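Asks: Build me a structure from this.
(2 chains)
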Amino acid sequence: GAGVSQSPSNKVTEKGKDVELRCDPISGHTALYWYRQSLGQGLEFLIYFQGNSAPDKSGLPSDRFSAERTGGSVSTLTIQRTQQEDSAVYLCASSQRSGGGSQPQHFGDGTRLSIL
Amino acid sequence: KQEVTQIPAALSVPEGENLVLNCSFTDSAIYNLQWFRQDPGKGLTSLLLIQSSQREQTSGRLNASLDKSSGRSTLYIAASQPGDSATYLCAVPSGTYKYIFGTGTRLKVLA
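Replies: Numbers count the residues shown, from 1 in each chain, chains lettered A, B, ... in the order given. From the prediction side, this is the model:
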């Protein structure tokens, strides 16, 4: 498969637990984005990685959220001490490069996170 | 602060109709505008990307136009089909890479 791959597709966990979401971008794509999509709302930007540059973490809603990207490829989004308001679909996207956002973003199917 | 609005929020049309979806944005200093389709339980599929220097882009039955000065874009779907039923979102970059998305238009095409 040449698309963006996210795992798990669904995650149900208890409040207070930590969760880790994974994103495999398209090979060769240097830009990687994480978004959150809550029911009835638009996509909310969380974090952006571009190559080896420092990530833009300005969209992370609290210090319980963190993300890393190893080797410029796979990325993991970690949510610590989950709360019910964290329930949402977490979408990952990649593109060939940024620079004016001139390349289309390719999205994975997302991880649907439910906090009980 | 860039804000993106999509009207209507939902639309239901009979098969075969031509239709227009609207997207408006508050800051006209954009590099491009992108239209996406999202099927239930799926991620977003990029449909069309219009660069700021362009006025429209076409792909099959889809045509997207961009008027930066008025802060508007339209997505025109010709001869709609039931398979076009999905949520359509537009997005513009805030700065060089951070995209701001509208809340989408839910389209249902009736057979």
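Asks: For residue A:94, see how far away residue A:103 is.
Replies: 10 Å (Cβ to Cβ, to the nearest Å). C-betas here are computed from N, CA, C, even on glycine.
Asks: what is in contact with these two at once?
Replies: Counting by Cβ atoms under 8 Å, 6 or more residues apart in numbering or on different chains, the shared contacts of residue A:103 and residue A:94 are residue A:31.
Asks: between those two, who's got more neighbours?
Replies: Set residue A:103 next to residue A:94 and count neighbours by other Cβ atoms under 10 Å in any protein chain shown: residue A:94 wins out with 25 against 20.
Asks: The more buried one against residue A:33, yeah?
Replies: Yes: look at residue A:94 against residue A:33 with Cβ atoms under 8 Å: they come within range, at 7.3 Å.
Asks: what's the overlap in contacts for these two?
Replies: Listed as contacting both residue A:94 and residue A:33 by Cβ under 8 Å, 6+ apart are residue A:105.
Asks: does the helix or strand of chain B with the lowest mean pLDDT come close to chain A?
Replies: Taking mean pLDDT, DSSP states H and E as the measure, the helix or strand of chain B with the lowest value is strand B:98-101, at a mean of 88. Yes: Strand B:98-101 reaches chain A (Cβ under 8 Å from any Cβ of the partner chain) through B:98-101.
Asks: ditto for stretch B:15-22
Replies: No: for a cut-off given as Cβ under 8 Å from any Cβ, stretch B:15-22 has no contacts with chain A; the smallest distance is 14.8 Å.
Asks: chain center to that stretch: distance?
Replies: Here stretch B:15-22 is found 12 Å from its chain centre; the criterion is Cα atoms, centre = their mean, to the nearest Å.
Asks: For it, list the C-alpha coordinates in PDB.
Replies: In PDB, the C-alpha atoms belonging to stretch B:15-22 read as follows (Å, rounded to 0.1, in the frame of the first residue of the first chain):
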ATOM      1  CA  GLU B  15     -29.200  12.200  -9.000                       C
ATOM      2  CA  GLY B  16     -28.200  14.000 -12.100                       C
ATOM      3  CA  GLU B  17     -28.400  17.500 -10.700                       C
ATOM      4  CA  ASN B  18     -25.500  19.900 -11.000                       C
ATOM      5  CA  LEU B  19     -24.600  21.500  -7.700                       C
ATOM      6  CA  VAL B  20     -22.400  24.100  -6.100                       C
ATOM      7  CA  LEU B  21     -20.700  24.000  -2.700                       C
ATOM      8  CA  ASN B  22     -19.400  27.200  -1.200                       C
END
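Asks: For that stretch, give the mean pLDDT please.
Replies: Mean pLDDT, stretch B:15-22: 96.
Asks: Kindly report the same for stretch A:17-27.
Replies: Mean pLDDT, computed over stretch A:17-27, is 96.
Asks: outside of that stretch, which residues touch it?
Replies: Applying Cβ under 8 Å, 6+ apart, the contact partners of stretch A:17-27 are A:2-8, A:11, A:13, A:32, A:34, A:73-82, A:90, A:92, A:94, A:106, A:108, A:111, A:113.
Asks: follow-up on the earlier one: out of the residues of strand B:98-101 next to chain A, which is most surrounded?
Replies: Using other Cβ under 10 Å as the neighbour criterion, residue B:99 leads the residues of strand B:98-101 next to chain A with 24 neighbours.
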